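> fold the stuff below for me.
(chains A, B, C, D, E and F)
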There are 6 protein chains.
Amino acid sequence: MKISARNVLKGKVKAIVHGEVNSEITIELPGGAELVSMITRASADHLALKKGRKVMAVIKASNVMLATE
Amino acid sequence: MKISARNVLKGKVKAIVHGEVNSEITIELPGGAELVSMITRASADHLALKKGRKVMAVIKASNVMLATE
Amino acid sequence: MKISARNVLKGKVKAIVHGEVNSEITIELPGGAELVSMITRASADHLALKKGRKVMAVIKASNVMLATE
Amino acid sequence: MKISARNVLKGKVKAIVHGEVNSEITIELPGGAELVSMITRASADHLALKKGRKVMAVIKASNVMLATE
Amino acid sequence: MKISARNVLKGKVKAIVHGEVNSEITIELPGGAELVSMITRASADHLALKKGRKVMAVIKASNVMLATE
Amino acid sequence: MKISARNVLKGKVKAIVHGEVNSEITIELPGGAELVSMITRASADHLALKKGRKVMAVIKASNVMLATE
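Numbers count the residues shown, from 1 in each chain, chains lettered A, B, ... in the order given. This next block holds a predicted model:
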């Protein structure tokens, strides 16, 4: 599958916290930076996410804001 | 300012393409990975974005999807 | 690729309108309903979208609102 | 009310799973396809959603990604 | 129509800038604060937006971030 | 920090409801209007949100829809 989302970052699952309908997944990127993702719990189950699993973070360009100091 | 968005990644502006109301900004992260951001042209002007400027990419956790191969 | 986004709808491209940095793509779903998507022009090019091409619309559950009459 | 969101799909509620602050609503579209929506639990209550209720799924064009195989 | 989006703010159109596929609409809220909205140009046309027209800004709760100083 | 998000509204926290991974925060704007925000519980903790605390609601222009009656 080739997706229109412009941002696809490889990483691996560092932590998972399940709520009742949503799950918070922390991804570790190469180099040590982290990304936090909130997806449905059903998706977390469907992707069989668990600590250490390789995943890609997928982010649409219109959801990336920019900031300066 | 401290923001609720969980993901703040430091980088610098690599390329800017202006449309009439939106601008596409490519950010280079440390290590060479890239992020693409679509913001209003007025914001790009307001932040005085230009090639080489240090910026932070700010992404709400609920806008980060995950994928597996 | 298996993605966390819960909604994947098959259709085909019915119309494309390019702006300078974004493109509006109209998708026809089986049965005749339509979906409109706004993606970066670079993505439209990268996916080689053109009238009649089979595509999938991908929508994160947190971006689906509900309404009643 | 007439809304700027370009995508309004009619369906009916197939399933509801409540979390503490969010609710996951599965909608059945005519023809049998399904859409999953994540809204606040307060909204699910406010709209009096229940199995079988007719609803519309409302999706902004900028939240529709596209993918090809 | 009753919508799940939790935030509906009344205002009137203060300014419109059209791009080729998107339009930037500035809304003046009672009291003088402003909101900026980016919608498709086709939606701006469909809603017949023009300076002075009464409109409502509709925002899903999951798209509202918070910040502290 | 200067952010690309075009909409920054000052208010104060009126109510907080915590779920396991997300928190719903109600903000009171000057004049009495309210905004509801859904953020991660970790963010609510990180910002030390509590009733009466001054906050800013931050909303990207592409997440503001418009509606007419």
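
> where do the helices of chain A begin and end?
A:41-46 (DSSP state H).

> pull the longest strand from it.
When chain A is parsed with DSSP state E, its longest strand is strand A:7-18.

> for chain A, which residues are neighbours of chain C?
Within chain A, the positions near chain C by C-beta under 8 Å from any C-beta of the partner chain are A:1-6, A:37-40, A:42-44, A:46-47, A:56, A:58, A:60-62. (C-beta placed from N, C-alpha, C; glycine too.)

> get me the contact residues on chain A for chain F.
Counting by C-beta under 8 Å from any C-beta, chain A comes close to chain F at A:17-20, A:22-24, A:36, A:38, A:62-63, A:65-69.

> go again with 10 Å.
A:17-26, A:36, A:38, A:41, A:60, A:62-69 (C-beta under 10 Å from any C-beta of the partner chain).

> near chain D, from the residues you listed?
With C-beta under 10 Å from any C-beta as the criterion, the residues of chain A next to chain F include A:19, A:20, A:21, A:22, A:38, A:41, A:60, A:62, A:63 near chain D.

> and the furthest pair within those residues?
Farthest apart among those by C-beta to C-beta are A:20 and A:62. That separation is 29.1 Å.

> which of these two has more neighbours?
residue A:62 (28 against 17; other C-beta atoms under 10 Å in any protein chain shown).

> what bridges to the closest residue to that one other than its chain neighbours?
Among residues not flanking residue A:62 along the chain, residue B:38 sits closest, at 4.5 Å (C-beta to C-beta, 6 or more residues apart in numbering or on different chains). Taking DSSP bridges as the rule, residue B:38 bridges to residue B:24.

> give me the distance between residue B:38 and residue B:26.
Note on residue B:38: its distance to residue B:26, by C-beta to C-beta, to the nearest Å, is 11 Å.

> name the residues contacting each of those two.
Common neighbours of residue B:38 and residue B:26, counting by C-beta atoms under 10 Å, 6 or more residues apart in numbering or on different chains, are A:6, A:61, B:17.

> OK, contacts around the second one?
Right, the one you point to is residue A:61. Counting by C-beta under 10 Å, 6+ apart, residue A:61 touches A:4-7, B:22, B:24-26, B:35-39, C:21-22, C:39-40, C:42-43, D:62.

> and what of the first one?
The neighbourhood of residue A:6, defined by C-beta under 10 Å, 6+ apart, consists of A:58-62, A:64, B:24, B:26, B:34-38, C:39-40, C:42-43, C:46, D:65.

> can you report phi and psi for it?
phi -80, psi -20 (degrees, to the nearest 10).

> check it and give its pLDDT.
For residue A:6, the pLDDT comes out at 96.

> how about the last one?
Taken from the predicted model, the pLDDT recorded for residue B:17 is 98.

> hmm, what's the outermost residue in chain A?
Distance from the C-alpha centroid of chain A, by C-alpha atoms, centre = their mean, peaks at residue A:69 (25.6 Å).

> OK, contacts around the closest residue to that residue other than its chain neighbours?
Spatial nearest neighbour of residue A:69, chain neighbours left out: residue F:1 (6.2 Å); criterion: C-beta to C-beta, 6+ apart. Neighbouring residues of residue F:1 by C-beta under 10 Å, 6+ apart: A:67, A:68, A:69, B:1, B:2, B:3, B:8, B:56, B:58, E:67, E:69.

> list only buried entries from those residues.
Applying 16 or more other C-beta atoms under 10 Å in any protein chain shown to those, the neighbour count classes A:67, A:68, B:3, B:56, B:58, E:67 as buried.

> pLDDT (mean, whole number) over stretch A:54-66?
98.

> C-alpha coordinates for that stretch, CSV please?
This file holds the C-alpha atoms of stretch A:54-66, laid out as CSV (Å, rounded to 0.1, in the frame of the first residue of the first chain):
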residue,chain,number,x,y,z
LYS,A,54,8.7,-2.4,14.6
VAL,A,55,6.1,0.1,13.4
MET,A,56,5.8,3.2,11.2
ALA,A,57,4.3,6.4,12.4
VAL,A,58,2.1,7.9,9.6
ILE,A,59,1.2,11.6,9.8
LYS,A,60,-0.6,13.8,7.2
ALA,A,61,1.2,17.0,6.3
SER,A,62,-1.8,19.1,7.3
ASN,A,63,-1.5,17.8,10.8
VAL,A,64,2.1,19.0,11.3
MET,A,65,2.3,22.5,12.9
LEU,A,66,5.5,24.4,13.1
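
> run the chain-centre distance for it.
Distance of stretch A:54-66 from the chain centroid (C-alpha atoms, centre = their mean, to the nearest Å) equals 8 Å.

> swap in stretch A:35-47?
That offset, for stretch A:35-47, works out to 8 Å (C-alpha atoms, centre = their mean).

> now swap in stretch A:52-61 and tell me
5 Å.

> can you give me the buried ones in it?
Across stretch A:52-61, burial judged by 16+ other C-beta under 10 Å covers A:53, A:55, A:56, A:57, A:58, A:59, A:60, A:61.

> surely the fifth one touches residue A:43?
No: in terms of C-beta atoms under 10 Å, residue A:58 does not count as a neighbour of residue A:43; the distance is 11.9 Å.

> now for the two: what residues contact both?
Residues touching both residue A:58 and residue A:43 (C-beta under 10 Å, 6+ apart) are A:37, B:65, B:66, C:3, C:4, C:5, C:60.

> just those residues: which are in strands?
Per DSSP E, the shared contacts of residue A:58 and residue A:43 map to strands at A:37, B:65, B:66, C:3.

> pick out whichever of these sits closest to chain D.
Comparing these against chain D with C-beta to the nearest C-beta places residue C:3 closest, at 8.0 Å.

> circling back: partner strands of the longest strand of chain A and their direction?
Next to strand A:7-18 in the sheet, as set by DSSP bridges, lie strand A:22-28 (antiparallel), strand A:54-59 (antiparallel).

> so how many other residues sit close to residue A:51?
Per other C-beta under 10 Å, the neighbour tally for residue A:51 reads 10.

> ok, and the closest non-adjacent residue to it?
Going by C-beta to C-beta, 6+ apart, residue A:51 has residue A:13 as its nearest residue, at 5.5 Å.

> how close does the one you found sit to residue E:17?
According to C-beta to C-beta, residue A:13 and residue E:17 sit 43 Å apart.
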